[in-house]
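# The sequence and its predicted three-dimensional model are supplied below.
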Amino acid sequence: MNEEHFLEFDEYLQDEMAVADKLAFEQQLEEQPDLAMAFETYKELQLHLKNKFGQADELNAFKKNLKGISKEHFRKPKPKVIALKPWYYAVAASVAVLFGLFFLNQNSNPTFEDYNQPEMVFFTERGDADANLKLAQDAFNAKRYKEAISLFETILEADKSAEIQYFYGVALLEENKLPEAEVVFTSLEKGNSIYKNKAIWSLALSKLKQKDYKACKELLLMIPEDYEGNDQVDALLNDLD
Amino acid sequence: MVFSLFLVFSVKSFFMTPTTVHPDQMYIEGLANNDSAIIHAIYKKFVPKVVHYIKNNSGDEDKAQDVIQEVMILLFNQAKSEQLRLTCPFDAYFFLLCKRKWLNELKKHSNKGVTIKEELTSIHESADEMVLQTEHFDKKQQLYDAMFQKLGEKCQELLKLSFALSSMEEVAEKLAVTYGYVRKKKSLCIGQLTQWIQETNRFKSIKNT
């Protein structure tokens, strides 16, 4: 078969041949079985393509309908329905609402409590004999922050180390003395101690507590990647998005 | 309508025409028309037997569901593209099609030599014949689709558009070429398919007619 034959097939099928040509073509088909076979295949292909692309929408509609009906028939039988007394419905509804609220809450903005994990302090490891330091440490670790704050304030009069300042800030944050806490953290943030990044994180937590999500995010983005608590930073950033 | 169908049926029997349309033809028409009521009826009346068979032959409900859907789609396509005239009860025809499709499936996926009896063993001689016809149609469709995938991108796109759009003028406009070009290209693309299929047929003798 060559190109001429296929062009002829098309012309014939489109009924565009002159009567004489048509008769000649039909004569050829009768005399040449090879040509006749090729013509049959050509016709079948044309039909196949017409069905495939011309009726694609119909096929898709059928498939969709079929799938739905099939699913319906193969569905597992429903468990027995037990009639409930009316007041059961009220109980069920309240439980459902509670559940709903619970799960809704999961999806809402992150809260301070989600990320509030103050670390333990161990000042006395340095062998410091200061009694106040020991007391402050115990109070802080026992989460008695009010007590810890006043102790820290006494200590800070003599020792303005970054470490003391930082834990003083955390205690203030825990006690909801946010402006005071932020002053402490901001000064640490401007310094160069090892508490610099921790201070930024704490500042971010303070903003989170005030639901200032924008400021919180900006602070988080300032924390370098190699910060030891970077997992927490990333998690909070994700939650904020 | 039922009466006239019956009349045609009896007149044809009277003259001993070899192929008479079975009243179950309504299931074929129903599938072709995407008639939900008929599809539901098929599921209710004929599907449980198939599911039972597949479950008893190393299959499960999910597999059965797939095989049944495949066969239904095949019947839809055949009814749409050629005259599918049912000459036997739908029950026997449908069951046999599903059964053979499932056995083929098993054969394809098992590396252990599962021996499957290939012979058709139905009670209806005409059902055997119908099943062979449909399977032949299935193979042909698969061959055509495979060959189509072999075509170049340009041919594929042009053919798709030629049969999806209502006129070749539209196709020419869409592809920003001349009408003469799309007309010529279309017949040459189908010509290429024709050549490949003839070559394949020469080797595989898929054509059994």
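Structure received.
# separation between B:Thr87 and B:Ile28?
Here B:Thr87 is placed at a distance of 11 Å from B:Ile28 (C-beta to C-beta, to the nearest Å). For the C-beta atoms, the positions are set from N, CA and C on the backbone; glycine is no exception.
# Name the residue in the two with the higher neighbour count.
B:Ile28 (22 against 19; other C-beta atoms under 10 Å in any protein chain shown).
# Please list the residues outside the host helix or strand of that one that contact it.
Secondary structure from DSSP states H and E places B:Ile28 in helix B:25-32. Helix B:25-32 has contacts (C-beta atoms under 8 Å, 6 or more residues apart in numbering or on different chains) with A:62, B:35, B:37-39, B:41-42, B:72, B:75-76, B:79-80, B:84-86, B:90, B:94.
# Which element, helix or strand, includes the residue of chain A found nearest chain B?
Closest residue of chain A to chain B, C-beta to the nearest C-beta: A:Phe6 (3.1 Å). Using DSSP H and E, A:Phe6 maps to helix A:3-13.
# Just the buried residues of that helix, please?
In terms of neighbour count (16 or more other C-beta atoms under 10 Å in any protein chain shown), helix A:3-13 has its buried residues at A:His5, A:Phe6, A:Leu7, A:Glu8, A:Phe9, A:Asp10, A:Glu11, A:Tyr12.
# likewise stretch B:157-176?
Of all the residues in stretch B:157-176, those buried under the rule 16+ other C-beta under 10 Å are B:Leu158, B:Leu159, B:Lys160, B:Leu161, B:Ser162, B:Phe163, B:Ala164, B:Leu165, B:Met168, B:Val171, B:Ala172.
# What of stretch A:184-191?
Buried residues in stretch A:184-191 (16+ other C-beta under 10 Å): A:Val184, A:Phe185, A:Leu188, A:Glu189.
# what do you get for stretch A:60-74?
Within stretch A:60-74, the residues that count as buried by 16+ other C-beta under 10 Å are A:Phe62, A:Leu66, A:Ile69, A:Ser70, A:His73.
# Narrow the residues you listed to those in helices?
A:Phe62, A:Leu66, A:Ile69, A:Ser70, A:His73 (DSSP state H).
# near chain B too, which of those?
Taking C-beta under 8 Å from any C-beta of the partner chain as the test, chain B is in contact with A:Phe62, A:Leu66, A:Ile69, A:Ser70, A:His73 out of these.
# Show me where chain A has its helices.
Going by DSSP H, chain A shows helices at A:3-13, A:19-31, A:33-54, A:56-74, A:86-107, A:112-115, A:131-141, A:145-158, A:162-174, A:178-190, A:196-209, A:213-222, A:230-240.
# Worst mean pLDDT among those helices?
Of all those, helix A:86-107 carries the lowest average pLDDT, namely a mean of 70.
# Could you list the contact residues of chain A toward chain B?
For chain A, the contact set with chain B under C-beta under 8 Å from any C-beta comprises A:1, A:3, A:5-7, A:9-10, A:37-38, A:41-42, A:44-56, A:58-59, A:61-63, A:65-67, A:69-70, A:73-74.
# mind running it again at 6 Å?
Residues of chain A lying close to chain B by C-beta under 6 Å from any C-beta of the partner chain are A:6-7, A:10, A:38, A:41-42, A:45, A:48-51, A:53-54, A:61-62, A:65-66, A:69-70, A:73-74.
# Chain neighbours aside, what residue packs nearest to the residue in chain B that chain A sits nearest to?
Minimum separation of chain B from chain A (C-beta to the nearest C-beta) falls at B:Gly191, amounting to 3.1 Å. Spatial nearest neighbour of B:Gly191, excluding adjacent residues (C-beta to C-beta, 6 or more residues apart in numbering or on different chains): A:Phe6 at 3.1 Å.
# Identify the residues contacting that neighbour.
Contacts for A:Phe6 (C-beta atoms under 6 Å, 6 or more residues apart in numbering or on different chains) come out as B:Ser187, B:Leu188, B:Gly191.
# returning to what we had before: farthest pair within the ones in helices among the buried residues of stretch A:60-74?
Spanning the widest gap among these are A:Phe62 and A:His73, at 16.2 Å by C-beta to C-beta.
# Can you give the domain ranges for the chain?
Going with chain A. A:3-73, A:114-240 (automatic domain parsing).
# that answer is for a different chain, and I need it for chain B
Split by automatic domain parsing, chain B gives B:2-142, B:151-204.
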